[in-house]
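A.B. asks: here are the coordinates; sequence isn't available:
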Ligand code: SF4
């Protein structure tokens, strides 16, 4: 998982991802990145991780750029199948995988 959107604009090679000015308004920039980097693995989720995820989802619920964030995540994760991790736009990786399977973004 990449860092929270404030930092997610940097690609693996450190270059700036084009079209990410909206990230300047991302509420998660003011929160610890770890909140948004919860792992989505099978089995029970430890209570502290569950609480962190809940807090992250609440932040996303107030975020003015959640639509852009979801679109960004879906484009970035295109072809990722179930390999989606962390919270984007208030959604976990498995939730985004479900959206992708439903044909999100298909022309
Ligand atoms: S929707 Fe959530 S993860 Fe996306 S930019 Fe806003 S606060 Fe960050």
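C.D. replies: Looks like it came in fine. Keep in mind it's a predicted model, so treat the numbers as computed, not measured.
A.B. asks: From here on, just use CA atoms for contacts and neighbour counts.
C.D. replies: Fine.
A.B. asks: Flag the shaky bits of the chain, pLDDT-wise.
C.D. replies: Counting by pLDDT under 70, the chain has low-confidence residues at 1-19, 105-107.
A.B. asks: List the buried residues in the longest helix seen in it.
C.D. replies: If you go by DSSP state H, the chain has its longest helix at helix 47-61. Within helix 47-61, the residues scored as buried using 16 or more other CA atoms under 10 Å are 52-54, 56-57, 59-60.
A.B. asks: helices or strands up against it?
C.D. replies: Taking 3 or more CA pairs under 8 Å, 6 or more residues apart in numbering; DSSP states H and E as the contact definition, helix 47-61 has no neighbouring helices or strands.
A.B. asks: next SSE after it?
C.D. replies: The first helix or strand that comes after helix 47-61 along the chain, using DSSP states H and E, is helix 66-76.
A.B. asks: just to revisit the earlier point, would you check the distance separating the longest helix of the chain from the middle of the chain?
C.D. replies: 12 Å (CA atoms, centre = their mean, to the nearest Å).
A.B. asks: what's near enough to touch residue 27?
C.D. replies: Contacts for residue 27 (CA atoms under 8 Å, 6 or more residues apart in numbering) come out as 59-60, 62-64.
A.B. asks: Contacts made by the longest helix of the chain with the rest, please.
C.D. replies: By CA under 8 Å, 6+ apart, helix 47-61 touches 27-28, 35-36, 38, 66, 87-91.
A.B. asks: can we see that at 10 Å?
C.D. replies: Here helix 47-61 makes contact (CA atoms under 10 Å, 6 or more residues apart in numbering) with 26-28, 30-39, 44-45, 63, 66, 69, 86-92.
A.B. asks: Show me which of the residues you listed are buried.
C.D. replies: For the contacts of helix 47-61, buried by 16+ other CA under 10 Å: 26-28, 33, 35-39, 63, 66, 69, 86-92.
A.B. asks: So which of these would count as near the ligand as well?
C.D. replies: 26-28, 63, 66, 69, 87-90 (CA under 6 Å from any ligand atom).
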